[in-house]
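In: Mind folding the following:
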Amino acid sequence: MNTLTRHTHAPADQSYPARADEVGNALVRSGLVPFALVEAGHIVAASPALRDILGGTTPYHHVDGRRLSAIVAESDRPALEEFCSGLLHGGPRAELRCNLLHAGGTHIPVLLSGSTVTTTEAAHTIVLLVTDLTPWVGDNLAAAGPLAGAFDAATGFASRALLLDRTKIALATARRHRRRAAVLRVNLEHFEPLLQTLGEDAAAEIEATVAETLRNCVRDSDTVARLSRKEFVLLLSEIIERDDAGVSAARVVAAIGALFERNDPQDRVCAHIGVAVYPTDGTSSERLLQAADTALRTALNLRGGGFALADATSAELTVIEPLEFRPEHRTGIADIDAEHQSLVARTNALVYELKAGVDARKLEADVRSIAELLRAHFVSEAHFLGTSPYEGAIDLKTRNLRFLDELDCILLHVNAQSILLAVRHLHDWLVPHLVSVDYKRIS
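Out: The predicted structure follows:
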């Protein structure tokens, strides 16, 4: 079945926005993703892959138009109602473990990953991605406890098997839409010995704190998996530029470092991270994990934590074109124009030094010098934006501060890779910044 159909017995008052068909058909064409689109409690579109999970026979030959609760085990329906209500009332992407009802009458353990999209001014559609947990829990969910095979009991993170499953889906989506994805392999040095010195309750509290820290370093749409007591993997399901993966790695290194900064330096927990990016470093789950593992071995040589990118990715960091301060970049505000022009000249000088093979320490000093220039520039901009009616003023200030935080994270553990990334990050940020504000609207 290659097209979406609606059941003829769908409620008469149920509306089906055109956008639902567009989203649904785009996902169906992948042929891989079990999903459903739900509006007002009814399934308005379901993929063939979901029908396969449900048995694909009567009563599920036609799923569209049925109530979502009708395909969920009765004992899980209160939790499902709360789950959907939270999504519709502005909640973030959420997950729910429950049982679906197979056409043969048995229960199917699944993980529902949900988020909402606005299809019209008055309609909101829930997009549900369905992960079949049967390979990890067997036929009887009740006998399987807390899904130990699919999730780490201490942190709730995905296991290796579930990570591979989610990575395959992420890569299939990235391949179809010609986007990038990334795998970050994280090793926490000294973490396991620390846990061994603590009592059970204290160790559990530390693990929960580390888990929350890692979770806060990624988006709700990303996946965090735990491979062993000290090894984790972050799956970034969609990134715009390859350097974004390096920025995320730098953020994790900084966050873990801050968490244990008061510990004895000799046995302080720190993060070493190997980064691999699809498709440059691999086009399969196994190849990306292998490339990230190889990069991790390089990162392990960095004292006090740090990250390393797979070789294929680092080669592209040096392909940076010089910037040009053009007439259309002028704002008409002399101080702002002078600062923008200086930033362009200083960044170009960094690019020339980078291509000439200047020592990383010299590059670091120059990057930090530009960072100080940026701080002063943002103060100048804030002066003009502070009382401005310009709608994007607050957003611009937020982006500026976020950029400085990211740059600080990258430079926290200095090595050749982080300097290359810092120069590229600065270069790629400056281009849109020059045209991000219409100063003529600022009075």
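In: Could you list the domains of the chain?
Out: 18-140, 160-316, 327-441 (automatic domain parsing).
In: Quickly compare the ones you listed and say which is most buried.
Out: Of those, the one with the most neighbours on average (mean count of other CB atoms under 10 Å) is domain 160-316, at a mean of 19. To be clear about C-beta, it is placed using only N, CA and C from the backbone, and glycine gets the same treatment.
In: Measure how far that domain is from the centre of its chain, please.
Out: Relative to its chain's centre, domain 160-316 lies at 12 Å (CA atoms, centre = their mean, to the nearest Å).
In: returning to that earlier point: mean pLDDT lowest for which of the domains of the chain?
Out: Here the lowest mean pLDDT among the domains of the chain goes to domain 18-140, at a mean of 74.
In: dump the residue contacts of residue 348.
Out: Residues in contact with residue 348 (CB atoms under 8 Å, 6 or more residues apart in numbering) are 322, 323.
In: about what we covered before: just so I know, which of the domains of the chain lies nearest residue 152?
Out: Residue 152 lies closest to domain 160-316 among the domains of the chain, at 4.1 Å (CB to CB).
In: isn't residue 35 right next to residue 46, touching?
Out: Yes: under the criterion of CB atoms under 8 Å, residue 35 makes contact with residue 46 at 7.4 Å.
In: thinking again about what came up before, export the domains of the chain as a markdown table, with columns for distance to residue 151.
Out: Supplementary listing: the domains of the chain in a markdown table, determined by distance: least, CB to CB, whole Å:
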| stretch | distance to residue 151 |
| --- | --- |
| domain 18-140 | 8 |
| domain 160-316 | 7 |
| domain 327-441 | 29 |
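In: Quick one: closest of those domains to residue 153.
Out: Residue 153 lies closest to domain 160-316 among the domains of the chain, at 9.7 Å (CB to CB).
In: For the longest strand along the chain, which helices and strands make contact with it?
Out: If you go by DSSP state E, the chain has its longest strand at strand 107-118. Helices and strands touching strand 107-118, as assessed by 3 or more CB pairs under 8 Å, 6 or more residues apart in numbering; DSSP states H and E, comprise helix 48-54, helix 77-88, strand 94-101, strand 124-132, helix 134-137.
In: what's the angle between the fourth one and strand 94-101?
Out: Spelled out, it's strand 124-132. Strand 124-132 and strand 94-101 are oriented at 60 degrees to each other (axes from the mean of the first three to the mean of the last three CA atoms, to 10 degrees).
In: Give me the residues contacting strand 124-132.
Out: Here strand 124-132 makes contact (CB under 8 Å, 6+ apart) with 17, 19-20, 23, 33-39, 44, 50, 53, 68, 84, 87-88, 100, 108-119, 162, 165-166, 169.
In: Run the angle between that strand and strand 107-118 for me.
Out: Using the same axes, to 10 degrees, the direction of strand 124-132 lies 150 degrees away from that of strand 107-118.
In: now for the helix or strand encompassing residue 288, which elements pack on it?
Out: Following DSSP states H and E, one finds residue 288 within helix 285-299. Helices and strands touching helix 285-299, by 3+ CB pairs under 8 Å, 6+ apart, are helix 160-177, strand 180-189, strand 270-278, strand 306-309.
In: Now the first one - C-alpha only, CSV.
Out: So that's helix 160-177. What follows is helix 160-177, C-alpha atoms only, in CSV (Å, rounded to 0.1, in the frame of the first residue of the first chain):
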residue,chain,number,x,y,z
ARG,A,160,23.0,0.0,21.9
ALA,A,161,20.3,-1.9,20.1
LEU,A,162,17.7,0.9,20.3
LEU,A,163,20.4,3.4,19.4
LEU,A,164,21.2,1.5,16.2
ASP,A,165,17.5,1.4,15.3
ARG,A,166,17.1,5.1,15.8
THR,A,167,20.3,5.9,13.9
LYS,A,168,19.0,3.9,10.9
ILE,A,169,15.8,6.0,11.0
ALA,A,170,17.8,9.3,11.4
LEU,A,171,20.1,8.4,8.5
ALA,A,172,17.2,7.4,6.3
THR,A,173,15.6,10.8,6.9
ALA,A,174,18.9,12.6,6.4
ARG,A,175,19.5,10.7,3.2
ARG,A,176,16.1,11.5,1.8
HIS,A,177,16.2,15.3,2.6
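In: Done for today, thanks.
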